[in-house]
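In: what's the 3D shape of this:
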Amino acid sequence: MFDRLGELAEEHADLERTLADSAVHADPDRARALSRRYGEISPVVETYHQWQETAADEATARELATEDSSFAAEAEDLGRRRAKLEEQLNEFLVPRDAMDDKDVLLEVKAGEGGEESALFAGDLLRMYLRYAERQGWKTEVLDSTITGLGGYKDVTVAVKAPRHATGDGVWSRLKFEGGVHRVQRVPVTESQGRVHTSAAGVLVMPEADPVEVSIDPNDLRVDVYRSSGPGGQSVNTTDSAVRITHKPTGIVVSCQNEKSQLQNKEQALRILRARLLAQAQADAEAQAAAERRSQVKAVDRSQRVRTYNFPENRISDHRVGYKAYNLDHVIDGDLDAVISALTEADRSGRAAAADGG
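Out: Predicted structure coming up:
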């Protein structure tokens, strides 16, 4: 452990010198990446330095205690502090998700439940947009299909941390939102006041940089068509909507929100890159799962993940047993408590895996 901490301390010092060079900031992307890494390891290195000082003071106090017993109590206090710092360092060194500093593309799709499901998909979209606003993130709707009552058949939104942000990124907070979200409430279309259950699906993908996912143009089939709005009415009189099929994987992406064919193609390629990266990540995780017994079932994104019960004002996350009666706040974007419960479960699982448990 301490060899690794020494390496981190050296890296931290190198980053500090590099970031002090004004020439580095001429390349905003590089400066942002270096700043994030610096922010990520700063708490670890600071705690490591505290541990070094405390361990040295403890050794001195124990040596003095052999000659003067009045130093014995101080040595014991320093020993307890050193042990506590070691626990913190062990937590810091739990293997992290390599994608944690990524921005994300988030898709919400209506499921079973007809128009009520589409309205619920719209509620989920607004919940995530408000949560992003609370976090200081930027959002951009890339593509959407709106239903007659103002719900969403499907919607894709990009969520980005500010370019100057340090530490973990959007993926670290939203990665466990993927899965089936279930709602229980009286739909606006229900005349008898009966509670109905419907669902919507959420897919969260780390956004891929062009250099991370190489796409051969020969692997693509690009079709253009006329954009349509709610109820199928024509929106544009030109064929500006774009559908891209990635032939090797069969992944199909369409985009019609932008006014020009070129803009829609660029947005569709952006979504395709994220989907290809997500697929590669899923393949790698599946392979690792076969070799790693301690994969955390508590945060399995493939199953039903959460229930929103409006009559009881209850939010339940089924993966970690989280339950709270503040659904009105959660649906308004106050997601910190439930996300923190998921993050802690994941961290505990990673710690157990690192310990071989």
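In: Please tell me I have it right and residue 196 contacts residue 186.
Out: Yes - counting by CB atoms under 8 Å, residue 186 is a contact partner of residue 196 at 7.1 Å. In this view, the C-beta of every residue, glycine as well, is placed from N, C-alpha and C.
In: Now residue 43. Nearest residue, chain neighbours left out?
Out: residue 92 (6.9 Å; CB to CB, 6 or more residues apart in numbering).
In: Give me the phi and psi for the one you found.
Out: Residue 92 adopts backbone torsions of phi -60, psi -30, taken as degrees, to the nearest 10.
In: Just confirm residue 94 is within a strand.
Out: No - per DSSP: H, G, I helix; E, B strand; the rest coil, residue 94 lies outside any strand segment and is coil.
In: what about it, distance to residue 350?
Out: According to CB to CB, to the nearest Å, residue 94 and residue 350 sit 5 Å apart.
In: which element is residue 157 on?
Out: strand 152-160 (DSSP states H and E).
In: quick one: strands adjacent to that strand?
Out: strand 104-110 (antiparallel), strand 138-146 (antiparallel) (DSSP bridges).
In: packing partners for the helix or strand that comes right after it?
Out: Next in sequence after strand 152-160, counting helices and strands by DSSP H and E, comes helix 170-174. If you count contacts as 3 or more CB pairs under 8 Å, 6 or more residues apart in numbering; DSSP states H and E, helix 170-174 packs onto strand 104-110, helix 114-135, strand 152-160, strand 196-206, helix 336-354.
In: related to what we said a few turns ago, looking at the strands paired with strand 152-160, which is nearest to residue 24?
Out: strand 138-146 (23.3 Å; CB to CB).
In: mean confidence for that closest one?
Out: For strand 138-146, mean pLDDT is 91.
In: Can you give the distance of that strand from its chain's centre?
Out: Taking CA atoms, centre = their mean, to the nearest Å, the mean C-alpha location of strand 138-146 is offset from the chain mean by 18 Å.
In: Now it: buried residues?
Out: Under the neighbour-count criterion of 16 or more other CB atoms under 10 Å, strand 138-146 has 139, 142, 143, 144, 145, 146 buried.
In: what's the answer for stretch 213-229, then?
Out: In stretch 213-229, counting by 16+ other CB under 10 Å, buried: 213, 215, 220, 227.
In: Would you confirm that the last one contacts residue 242?
Out: No - the pair residue 227 and residue 242 fails to qualify as a contact (CB under 8 Å) at a distance of 9.7 Å.
In: Do you have the strands of the chain handy? List them.
Out: 104-110, 138-146, 152-160, 179-185, 196-206, 220-225, 241-246, 251-255, 304-309, 314-317, 322-324 (DSSP state E).
In: Check those strands for me and report the most buried one.
Out: strand 104-110 (a mean of 25; mean count of other CB atoms under 10 Å).
In: Between residue 227 and residue 242, which contacts overlap?
Out: Shared contacts of residue 227 and residue 242, defined by CB atoms under 8 Å, 6 or more residues apart in numbering, are found at residue 256.
In: According to the record, where do the domains of this structure fall?
Out: Under the assignment automatic domain parsing, the domains of the chain span 2-92, 100-207+300-357, 210-291.
In: between those, which gets the lowest average pLDDT?
Out: When I compare the domains of the chain, domain 210-291 is least confident, with a mean of 78.
In: So what's the gap between that domain and the chain middle?
Out: 21 Å.
In: coming back round to it: please produce a markdown table containing the buried residues of stretch 213-229, extended by distance to residue 161.
Out: Listed next are the buried residues of stretch 213-229 as a markdown table, based on distance: CB to CB, whole Å:
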| residue | distance to residue 161 |
| --- | --- |
| 213 | 20 |
| 215 | 25 |
| 220 | 30 |
| 227 | 31 |
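In: Pairing-wise in the sheet, spell out the partners of residue 316.
Out: The partner residues for residue 316, given DSSP bridges, come to residue 307, residue 323.
In: circling back to that earlier point, please report how far the residue nearest to residue 43 lies from residue 186.
Out: 47 Å.
In: List phi and psi for the closest residue to residue 259 other than its chain neighbours.
Out: Once flanking residues are discounted, residue 259 sits nearest to residue 240: 6.4 Å by CB to CB, 6+ apart. Here the main-chain torsion angles of residue 240 (degrees, to the nearest 10) amount to phi -100, psi -20.
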